[in-house]
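1. could you work out the structure for the sequence below:
(one chain, ligands or ions: 3)
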Amino acid sequence: MEGAVRPEVDEEACILCGQCVRACSFEVMKLRKRSAQPRGIGECIVCGQCVAVCPQNAISHPAIPDERISGLPATAAVGYDELAALFSQRRSVRRYRDEEVSDELILELIAAAVMAPSGHNQQSWQFIAIKDPDELAAVRDAAAAFYGGLLAALEDPQIRQGMIAEMGEEGVAGLDEIAPAVKLILRAHERGEDRMIWGAPVLLLAHAPASDPTGAESAHYAVGNLMLAAVSKGLGTCAIGFLTVPAGFSPELREALHVPEGQTLHAALALGWPDVTYYRSTGRREAQVRII
Ligand SMILES: Cc1cc2nc3c(=O)[nH]c(=O)nc-3n(C[C@H](O)[C@H](O)[C@H](O)COP(=O)(O)O)c2cc1C
Ligand code: SF4
Ligand code: SF4
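-> Ligands and ions are numbered 1, 2, ... in the order given. Predicted structure coming up:
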């Protein structure tokens, strides 16, 4: 990502163990007579693997400031049982207390998010936290306008035919399926009830450049981290596909969400302090798995 910048090796500290060479899958690190050196043919993607793996702490990287690196425990920091409990504790929270989430806390969650893997270490994810109540209202209004138009289009025989020609019967049938739920949300919106963001004090968005072929995947891994970090802080989240899907079609909604030109919105999350207590997990259908 950061071009030709390469790591630096402290020759005195290097014990020629070769770990950094094995860790660098981009063929940047090579063993020389006195020490490992970044003299290979590959291009460094600033993944930091060589820095992380060196038992002598002999490698630094100009593109990775020291303060962004921390020591790690020798074994997994969290046992499986604890982690499984955290996974089960995460719920889609749809009731929030009227209580602020501080900027510091949001930044802490984003720090957890960006520990996720990303395609070619692009880290192309970008985040927006919308807290301003007027801005949140504008998002709800823009989404309501989009869905109002969609429902009207589905009910107009001529427009419907045009939609079938464009999306196929199945595509329009899919819209018919969600129409009753959309009507409920829009009726609630007219009554001044929030069934879109569920009254959460924060709407957190993750977007990435449309040009990044792995931008969506990477952003989703990051948001997964963030959702679990939120649980560990006592916060609740809810993924709002109701907003991400139309953001690809409605310029008004994109504007209300502040998604910049050339970027694709990959996730929208309600975030806040839960006003609900869960006493047990919800259970899941048995996963369909094939081990081949
Ligand atoms: C991609 C995606 C989109 C979702 N969109 C919405 C949404 O628009 N509104 C909502 O209330 N919940 C939404 N959800 C939450 C799901 O309904 C929820 O994850 C599912 O029912 C399982 O419940 P749990 O998250 O509590 O385990 C979405 C979840 C995902 C993963
Ligand atoms: S930062 Fe990653 S790509 Fe660059 S030299 Fe180290 S291991 Fe190789
Ligand atoms: S991992 Fe560290 S000690 Fe081992 S070869 Fe590389 S620079 Fe030298």
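
2. what residue in the stretch 51-200 of the chain comes nearest to ligand 1?
-> Proximity of the stretch 51-200 of the chain to ligand 1 (CB to the nearest ligand atom) peaks at residue 92, 3.4 Å away. (C-beta placed from N, C-alpha, C; glycine too.)

3. swap in the chain?
-> residue 241 (2.9 Å).

4. residues touching that residue, list them.
-> residue 268 (CB atoms under 8 Å, 6 or more residues apart in numbering).

5. tell me the spacing between it and residue 217.
-> Distance check for residue 241 against residue 217: by CB to CB, to the nearest Å, it reads 17 Å.

6. packing partners for the strand ranked longest in the chain?
-> Assignment by DSSP state E gives strand 263-272 as the longest strand of the chain. Where contact means 3 or more CB pairs under 8 Å, 6 or more residues apart in numbering; DSSP states H and E, strand 263-272 is packed against strand 202-209, helix 215-232, strand 236-239, helix 241-247, helix 251-257.

7. nearest to residue 165, out of those?
-> Nearest of the helices and strands packed on strand 263-272 to residue 165, taken as CB to CB: helix 241-247 at 20.7 Å.

8. rewinding a little: CSV for the helices and strands packed on strand 263-272, including mean pLDDT and distance to ligand 2?
-> CSV is the format used below for the helices and strands packed on strand 263-272 (pLDDT from 0 to 100; distance: least, CB to the nearest ligand atom, whole Å):
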stretch, mean pLDDT, distance to ligand 2
strand 202-209, 98, 21
helix 215-232, 98, 17
strand 236-239, 98, 32
helix 241-247, 96, 32
helix 251-257, 98, 34
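
9. please identify the most buried of the ones you listed.
-> strand 202-209 (a mean of 24; mean count of other CB atoms under 10 Å).

10. neighbouring strands for that one, and are they parallel or not?
-> Strand pairing for strand 202-209, determined by DSSP bridges: strand 126-130 (antiparallel), strand 263-272 (antiparallel).
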